[in-house]
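J.: build the 3D model from these lines:
(chains A and B)
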Protein chains: 2
Amino acid sequence: MDIAEFRKRGREIVDTIAEYYKGLADMPPCPTVEPGFLYKTMPLEAPENPESFDRIQQNIKSKIMPGVMHWQSANFFAWFPSTSSLPSILGEMYTAMFDAAQFSWASLPAAAELETVVVDWLAKLIGLDGRFLSIREDGAEGGGGGVIQGSATEALVVSMVAARERALDRLRAQGASETEVDAARPKLVAYFSDQTHSAGEKSVKLLGCRPHCIPTDSDFRITRATLLDAVESDRAAGLIPFFVCGTFGTTNTTAIDDLPGIADAARDEQLWFHVDAAYAGAALCCPEFRALARGIERADSLSFSPHKWMLTTVECTAMWVANSAHLARTLSIQREYLPRTEDAGAFVRDYHNWQIPLGRRFRALKLWMVVRAFGASGIRATIRRHVNMAKRFEEQLVADGRFEIVAPVVFGLVVFRIKPGCLGDGGEEVANRANAELVRRINADGRVFLLGPCVKGTSVVRAAIGATQSTHANVSLLLDITKAATDAILLQTP
Amino acid sequence: MDIAEFRKRGREIVDTIAEYYKGLADMPPCPTVEPGFLYKTMPLEAPENPESFDRIQQNIKSKIMPGVMHWQSANFFAWFPSTSSLPSILGEMYTAMFDAAQFSWASLPAAAELETVVVDWLAKLIGLDGRFLSIREDGAEGGGGGVIQGSATEALVVSMVAARERALDRLRAQGASETEVDAARPKLVAYFSDQTHSAGEKSVKLLGCRPHCIPTDSDFRITRATLLDAVESDRAAGLIPFFVCGTFGTTNTTAIDDLPGIADAARDEQLWFHVDAAYAGAALCCPEFRALARGIERADSLSFSPHKWMLTTVECTAMWVANSAHLARTLSIQREYLPRTEDAGAFVRDYHNWQIPLGRRFRALKLWMVVRAFGASGIRATIRRHVNMAKRFEEQLVADGRFEIVAPVVFGLVVFRIKPGCLGDGGEEVANRANAELVRRINADGRVFLLGPCVKGTSVVRAAIGATQSTHANVSLLLDITKAATDAILLQTP
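T.: Numbers count the residues shown, from 1 in each chain, chains lettered A, B, ... in the order given. Okay, here's the model as predicted:
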């Protein structure tokens, strides 16, 4: 492909993106393909000779497009939204242009410094405590700092590794021999709740330490008391608690763990306290949500993903630590081909010492462009718009009379179900079957898509509101489909 | 930003990329900025109000661009190339358009199936054994399969975790209790060489197992004998060997470990055998390189990074395992919000069970577009062109008479130095100082950029040839600068 053809194709794709975005307002989100739809139509080998780009573009339309889940559709209500934006797409284009690997400052100075700038911006934007800043308000270097990981799981893994080494160093400081330290390794216990994101379990599997899954209360939360109970029983069994993950906005219901209580327990029990705010962290841009996150200021590490609810394309998870020395201690690698520049000051980061991969894309660029293109006010407005849509949907469901809200609507997520009382006297089992059927019918309509998980034994309808293009009209459509499906189900109810 | 503005900006950026690519032929690769150049000129907080995209684009030119290491410059000879291409950039644009999270097949069916297609294509393209295919030539499902990781480090971590669990399961099968299994964990040893990529050390740090770094021979390789010596001494000390990483093309010198010998030892000692072919794996597209990789067909896992030398933008590391059950066994997570589709057949993968993150971008798209746009023949031609350039550079250095080649030139890397004999009788110390000075002078010229690591005590000049736009003219420029710098150094030599 020569540069003239690139110009032509590039413009065509810009137009394709523009047309795609125009169509998002009523695009059916969920593809109707069956497993094998693509594999079975593809050649078994790479082509020997170059193919025309025309043909490739046609194939994207004819073969790829039918199998795309349209996460950007305004009618997409599944999982959490991947709230993208046009400025972020433009940012991806610049990143692709440079196609440079960022590991040390020296390998891509602009990326390293811009990342420090933009994670400090974000920290202030969501009202984080000064201890998470690379450079504090007064210009002094804090001990903390931020980094852009590819995913919330990576943030959790990295935190847990730092936590493990801190715990083992503590044993050494108490006089433990290396043999004793080794004997302690398999006894290390990390705490999660039954509502913690799968990233918790995966991190534990990677590190090979012990998970302790704490049952949540009726509000889907863990508290100081339930955590301390778990810690106490593990200590009694000779185990060594070292890490706890609290969640600000769980996947199932956006529940918020008792963060101040967990912070207390973590302090008393010498646990590393990580807060996973992957989805809901973005809401902290709006001061009215900050009281809900009390306790987060005492975390050892935390992360939220701008690729979820801050207008940024995947993969973009912002993570902070209060003491960056713990990360450097555990992940720092010295090699001749990895020039060090970090001694220059906290605005110079060799980020390979903060993450799993050595090198990665120029990730800060799109985030920086998004924050500037929207401004803090624009980001706040987006969050508030989505929350208002969710609240109104909740009101409409309640007003209908046949639905109950399963968990408080705090952000953009509405979790509800048909009241068991509307379904005769079959009890929970009938209610669960009916609500699973409700989800099936809503999705079978084809115009919208959402999930219907079974949360602690209760089948629910889970509508995650917050696709960038979603408006009240889309939520109204969801409401109409939900009501019609409910009518049909209740008609069948004896 | 509305769609009309997106069209305008998108086209401008397409033009910017086109102009950038036009300028790559003689673009000075290395920025001349000092630490703090960007951070110190940036506002300390995110802007409150939206900024115009004009201003953002101007700032990319005025603030970001001066701090970019131009990895795509035809005069970039540092680290390994990040051999990008225009079709890959177009692929990134489509990926950004969809901005969908791929984890289960159900979350993005086209991405899941395309990934299986394209990693099977790549496996055949580089001549991998059928045991690494998801679907074998005869249509039968193999036990193996491939996945696109974000980095070679992630491929190593994932392999090592699978290896650890296989080793512990073996103990269980031999009747070990869980207490005994736990006692075994801190005794697990992973083997690398002193030339293995930093990913090896990082993986060990993440897992918290024991690294054993094996000294390489004069060809920078580990052999069956040196590996077995290490294993034997560890067993004698009561430790449990479980993993070995062999490298096909090390970072310092593109050395190739004794892969058949390591495969033998791994079989006899029940080690998981991983091959890191991050850079050189791409060369296996050309059959003439395959004899060098003998032994790779017996690996348990291997990876190479199309983002290094196969015309694909970062982050794109292809990884294969011979037995995918080991990955599923260790990384598989069940959650209500993670629908399973894998029972449909090996062409349906829930790739979150193969990797560290839960979700990630639609990574297969750009790779599929690159392979089709270039065709197998175009990829081979690129590899051969780069290798020829490296060979000719080597000949010219040898013809000069003042340089010695430190390691065989097999791929695109040429590692050389001024012969100690040309530098008087000061021995190695003087030679090292002179060669470090040579690197400093070459880079100080400003037109080219390369690295000068100290490899096993010897300061060398390391020229990695293979930027997509590089031609003989660029290598000639490097040669001229090298000769002139050598003239100056030898003039100063007493």
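J.: quick one: is stretch A:303-320 near chain B?
T.: Yes. Residues of stretch A:303-320 contacting chain B under CB under 8 Å from any CB of the partner chain: A:313, A:314, A:315. Where you see a C-beta, it was placed from the backbone N, CA and C, and this is true even at glycine.
J.: so what's the second one up against?
T.: Put plainly, it is residue A:314. A:82, A:307, B:99, B:100, B:101, B:359, B:360, B:361 (CB atoms under 8 Å, 6 or more residues apart in numbering or on different chains).
J.: distance of the last one from residue B:342?
T.: Just to be clear, that refers to residue B:361. 21 Å (CB to CB, to the nearest Å).
J.: quick one, which of those two is more surrounded?
T.: Higher neighbour count among residue B:361 and residue B:342: residue B:361, with 28 against 18, using other CB atoms under 10 Å in any protein chain shown.
J.: close enough to count as contact, that one and residue B:97?
T.: No. Using CB atoms under 8 Å, residue B:361 makes no contact with residue B:97, being 11.3 Å away.
J.: rewinding a little: can you pick the most crowded of the contacts of residue A:314?
T.: residue A:307 (32 neighbours).
J.: and that one, what element?
T.: Using DSSP states H and E, residue A:307 sits within helix A:306-309.
J.: pull that helix out as PDB, backbone CA atoms only.
T.: What follows is helix A:306-309, C-alpha atoms only, in PDB (Å, rounded to 0.1, in the frame of the first residue of the first chain):
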ATOM      1  CA  PRO A 306     -11.700   5.400  31.800                       C
ATOM      2  CA  HIS A 307     -12.500   2.900  29.000                       C
ATOM      3  CA  LYS A 308     -15.700   2.000  30.900                       C
ATOM      4  CA  TRP A 309     -17.400   5.200  31.700                       C
END
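J.: next secondary structure element downstream of it?
T.: strand A:317-321.
J.: other residues contacting that following strand?
T.: Applying CB under 8 Å, 6+ apart, the contact partners of strand A:317-321 are A:119, A:122-123, A:128, A:132, A:144-152, A:154-155, A:158-159, A:162, A:278, A:281, A:300-307, A:327, A:367.
J.: tell me the helices and strands packed up against whichever helix or strand comes after it.
T.: Counting by DSSP H and E, the element after strand A:317-321 in chain order, helix or strand, is helix A:324-331. When contacts are defined as 3 or more CB pairs under 8 Å, 6 or more residues apart in numbering or on different chains; DSSP states H and E, helix A:324-331 packs onto helix A:152-173, helix B:198-207.
J.: quick one, what contacts residue A:284?
T.: Taking CB under 8 Å, 6+ apart, one finds A:126, A:127, A:128, A:277, A:290, A:293, A:304 in contact with residue A:284.
J.: next, the angle helix A:198-207 makes with the strand or helix carrying residue A:189.
T.: Residue A:189 belongs to strand A:188-193 when assigned by DSSP H and E. Following axes from the mean of the first three to the mean of the last three CA atoms, to 10 degrees, one obtains 170 degrees for the angle between strand A:188-193 and helix A:198-207.
J.: okay, the angle between strand A:188-193 and helix A:152-173?
T.: Using the same axes, to 10 degrees: strand A:188-193 against helix A:152-173 is 140 degrees.
J.: strand A:188-193 vs chain B: in contact?
T.: No. Strand A:188-193 does not reach chain B (CB under 8 Å from any CB); its nearest approach is 9.0 Å.
J.: next, residue A:242: secondary structure please.
T.: At residue A:242 the chain is in strand, as set by DSSP: H, G, I helix; E, B strand; the rest coil.
J.: now it: closest residue in space, sequence neighbours ignored.
T.: In this structure, residue A:242 finds its nearest non-sequential neighbour in residue A:167, 3.9 Å apart by CB to CB, 6 or more residues apart in numbering or on different chains.
J.: same question, residue A:22
T.: Closest to residue A:22 by CB to CB, 6+ apart is residue B:3, at 6.0 Å.
J.: could you do residue A:186 as well?
T.: Closest to residue A:186 by CB to CB, 6+ apart is residue B:182, at 3.6 Å.
J.: element containing the one you found, please.
T.: If you go by DSSP H and E, residue B:182 is part of helix B:178-184.
J.: tell me what that helix is packed against?
T.: Going by 3+ CB pairs under 8 Å, 6+ apart, helix B:178-184 lies up against helix B:152-173.
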